[in-house]
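1. here is the input, now give the coordinates:
(2 chains)
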2 protein chains.
Amino acid sequence: MSGESPRRRGRPARASADGTGPGARERILAAARTRFAERGYDKTSVRGIAEAAGVDPALVHHYFGTKDEVFAAAIEVSFEPALVVPAILDGPREEVGERLARFFIGVWENPATRAPLLAVIRSAVTHEAAATVLRTFVLRRLLERIAAGLAVPDPRFRAELAASQMIGIVILRYVIRVEPLASADPEQIVAEVAPTLQRYLTEA
Amino acid sequence: MSGESPRRRGRPARASADGTGPGARERILAAARTRFAERGYDKTSVRGIAEAAGVDPALVHHYFGTKDEVFAAAIEVSFEPALVVPAILDGPREEVGERLARFFIGVWENPATRAPLLAVIRSAVTHEAAATVLRTFVLRRLLERIAAGLAVPDPRFRAELAASQMIGIVILRYVIRVEPLASADPEQIVAEVAPTLQRYLTEA
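-> Numbering: from 1, shown residues only, chains lettered A, B, ... in the order given. This next block holds a predicted model:
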């Protein structure tokens, strides 16, 4: 999520009968991740998330807005763009592809972050609404930040090419699980994919 | 499909009451493509395909075998591996990436071949059975033929890396449709992706 804290809008910071208070936002996010991961995008509702988090649905809307925005927040918690993008862009320019490849594989090799992201991919491939969220929120927010750090023509196009290589690895390695790709050492994937990302991101 | 013709097993080559005869195999394939494209993998049955093709379900089994095998055949008709793979491998080795990229984009830019392939991708991402078919039949048959033509170590791993780049383009350009990638000139995609495929397929 961005640096803006919706809590500033005046909700109490202590626990109360409607589930507000410290940790409510985190409980909602955790519930949303689990729901979206288990049921997919279209079978998950704000009401269901609120129930699982033990809060009033109005609080979900208060913190996040629409279901689409809860979905975006539940995804982004896996790879805080505000923190991750600068870390990827910082450092030698000729190693940006390797830094991105290593971060990306790290997120996907971790079962805790993999499960909700798999749900996102599955939902986005099958439901127009979820595709719109991925397109509008996640890719845009993540890619625009990467693009902003790249001094190349068509930065967004180049960021999308890099994203295409990463999503393809996700599909074949983690979703369809073709061998030997699915069992390959993560470092071997990083070594193969890094030059591709490097070329897309820095050569025009 | 392979060169083997199931018709040799003794079915009549003329039209008959149960729908056999010239064109029956093609009608079944066309019906299967439409059904899988419109309803996805798990909601399509051999009985439904037979009905749409105007043949007896036994004839579907006779020509293709199981539902999985009909599914594989319905996909492969978009890019006959037996014809396509030699065409991609033939020619200057340093241009194999470009030939593959151009063929791949050509198939996906054609709405007639795109629709059933989109259904395949959607099914494979959401249903384990369809993923198994894609993994076992299509990728294996296609990739093994490409791999056989490549004098590099780990040829199957390298073919899978190339496939990952192509599938990633499919997801972002044709399924999720992020811009500017979705509206980019096909030749621009070919120009960007060809060096990636070239490296995966020929450098080890």
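
2. on the three-state scheme, the residue in chain A that chain B sits nearest to is what?
-> In chain A, no residue comes nearer to chain B than A:Gly168, which is 2.9 Å away by C-beta to the nearest C-beta. Just so you know, the C-beta spots here come from the backbone N, C-alpha and C atoms, and that holds for glycine as well. The three-state label given to A:Gly168 by DSSP: H, G, I helix; E, B strand; the rest coil is helix.

3. so who does it touch?
-> B:163-169, B:171 (C-beta atoms under 8 Å, 6 or more residues apart in numbering or on different chains).

4. of these, keep whichever come out buried.
-> Applying 16 or more other C-beta atoms under 10 Å in any protein chain shown to the contacts of A:Gly168, the neighbour count classes B:163-169, B:171 as buried.

5. which strands and helices sit next to the lowest-mean-pLDDT helix or strand in chain A?
-> Lowest mean confidence among the helices and strands of chain A (mean pLDDT, DSSP states H and E): helix A:140-148, at a mean of 72. In terms of contacts (3 or more C-beta pairs under 8 Å, 6 or more residues apart in numbering or on different chains; DSSP states H and E), helix A:140-148 is packed against helix A:81-89, helix A:155-169.

6. buried ones in it?
-> A:140-143, A:145-147.

7. for burial, what's the neighbour tally of the nearest residue to A:His61 once chain neighbours are set aside?
-> With C-beta to C-beta, 6 or more residues apart in numbering or on different chains as the criterion, A:His61 has its nearest non-adjacent residue at 6.7 Å, and that residue is A:Val46. As a burial measure, A:Val46 scores 20 neighbours (other C-beta atoms under 10 Å in any protein chain shown).

8. for A:Val46, phi and psi?
-> A:Val46 adopts backbone torsions of phi -60, psi -40, taken as degrees, to the nearest 10.

9. that one and B:Met166: what is the separation?
-> Between A:Val46 and B:Met166 the computed distance is 37 Å (C-beta to C-beta, to the nearest Å).

10. neighbours of A:Pro92, how many?
-> 8.

11. quick check: pLDDT value at it.
-> On pLDDT, A:Pro92 comes in at 92.

12. separation between it and A:Gln198?
-> In this view, A:Pro92 and A:Gln198 are 11 Å apart by C-beta to C-beta.

13. one more: A:Ala50?
-> 44 Å.

14. who touches the helix or strand A:Pro116 falls within?
-> Following DSSP states H and E, one finds A:Pro116 within helix A:111-126. Outside helix A:111-126, the residues that touch it by C-beta under 8 Å, 6+ apart are A:33-34, A:36-38, A:40-42, A:71, A:74-75, A:78-79, A:107-108, A:130-131, A:133-134, A:138, A:167, A:170-171, A:174-175, B:121-122, B:125-126, B:171, B:175-176.

15. make it 6 Å
-> The contact list for helix A:111-126, computed with C-beta atoms under 6 Å, 6 or more residues apart in numbering or on different chains, reads A:33, A:36-37, A:40-41, A:75, A:78, A:107-108, A:130-131, A:134, B:122, B:125-126, B:175-176.

16. ok, then the element right after that helix?
-> helix A:128-133.

17. correct me if wrong: A:Ala162 contacts A:Thr196.
-> No: the pair A:Ala162 / A:Thr196 is not scored as a contact, 7.8 Å apart, by C-beta atoms under 6 Å.

18. returning to that earlier point: how about the residue of chain A closest to chain B: what's its closest non-neighbour residue?
-> In this structure, A:Gly168 finds its nearest non-sequential neighbour in B:Gly168, 2.9 Å apart by C-beta to C-beta, 6+ apart.

19. close to chain B: what parts of chain A are there?
-> When proximity is defined by C-beta under 6 Å from any C-beta of the partner chain, chain A lies next to chain B at A:122, A:124-126, A:131, A:134-135, A:139, A:157, A:160-161, A:164-165, A:167-169, A:171-172, A:175-176, A:178, A:180-181, A:192, A:196.

20. just the buried ones from the residues you listed?
-> Buried, going by 16+ other C-beta under 10 Å: A:122, A:124-126, A:131, A:134-135, A:139, A:157, A:160-161, A:164-165, A:167-169, A:171-172, A:175-176, A:178, A:181, A:192, A:196, out of the residues of chain A next to chain B.
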